[in-house]
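# Sequence and predicted model, in that order:
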Amino acid sequence: MNVTREKQTRLEHAMEWAVWHFGELAGVLGPLVLAVVFTPWFALLSVLVAAGWAVHEIRDHREQTRLRAGALERKQLPAWPATDTDTPVAGRDESREDAR
């Protein structure tokens, strides 16, 4: 990631993406090169790596979306009324009264 947060050109953004995803790109492109040079059966390996990469990216995207939604829900919760005499106790339901 760009630490200084300067505006990046599209080329810089694409290069940064390629560097961070070098392993995945090598896993897909390496077998494709082998398929062109030696035998088309290597393309099957490339397809399997690409499918695994896609599944990983989809799961990661869903997880990030779930985390962002949870963070928004936490931000929207009303604040607990803080007083010196009324300290909330974990696991204690303040809304109902004890029937004694």
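Perfect, I can see it now.
# for the helix or strand hosting residue 71, which positions count as buried?
Per DSSP states H and E, residue 71 falls inside helix 42-76. If you call a residue buried by 16 or more other C-beta atoms under 10 Å, then helix 42-76 has these buried ones: 42, 45-46, 49-50, 53. All C-beta atoms are positioned from the backbone trio N, CA, C, and that covers glycine.
# what's the farthest-apart pair in those residues?
Greatest spatial distance in those: 42 and 53, 16.6 Å, computed using C-beta to C-beta.
# quick one: low-confidence ranges for the chain?
Residues of the chain meeting the criterion pLDDT under 70: 1-5, 75-100.
# same thing but 50
In the predicted model, the chain carries pLDDT under 50 at residues 2, 100.
# re earlier: and the helix holding residue 71, what does it pack against?
helix 22-37 (3 or more C-beta pairs under 8 Å, 6 or more residues apart in numbering; DSSP states H and E).
# tell me which strands and helices the helix it packs on is in contact with?
helix 42-76.
# Report the angle between the helix it packs on and helix 22-37.
160 degrees (axes from the mean of the first three to the mean of the last three C-alpha atoms, to 10 degrees).
# if we can go back for a sec, dump the buried residues of helix 42-76 to CSV, plus distance to residue 69.
Below are those laid out as CSV (distance: C-beta to C-beta, whole Å):
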residue, distance to residue 69
42, 41
45, 37
46, 35
49, 31
50, 29
53, 25
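# Closest one of the residues you listed to residue 33?
Ranked by distance to residue 33 (C-beta to C-beta), those are led by residue 42 at 8.2 Å.
# who's in contact with the closest one?
Listed by C-beta atoms under 8 Å, 6 or more residues apart in numbering, the contact set of residue 42 reads 31-32, 34-35.
# Out of the residues you listed, who's the most crowded?
Neighbour counts for the contacts of residue 42 (other C-beta atoms under 10 Å) peak at residue 31, which has 20 neighbours.
# Kindly provide the distance from it to residue 13.
With the distance defined as C-beta to C-beta, to the nearest Å, residue 31 ends up 27 Å from residue 13.
# again, but for residue 66
26 Å.
# cool, and residue 19?
Computed as C-beta to C-beta, the residue 19 to residue 13 distance reads 11 Å.
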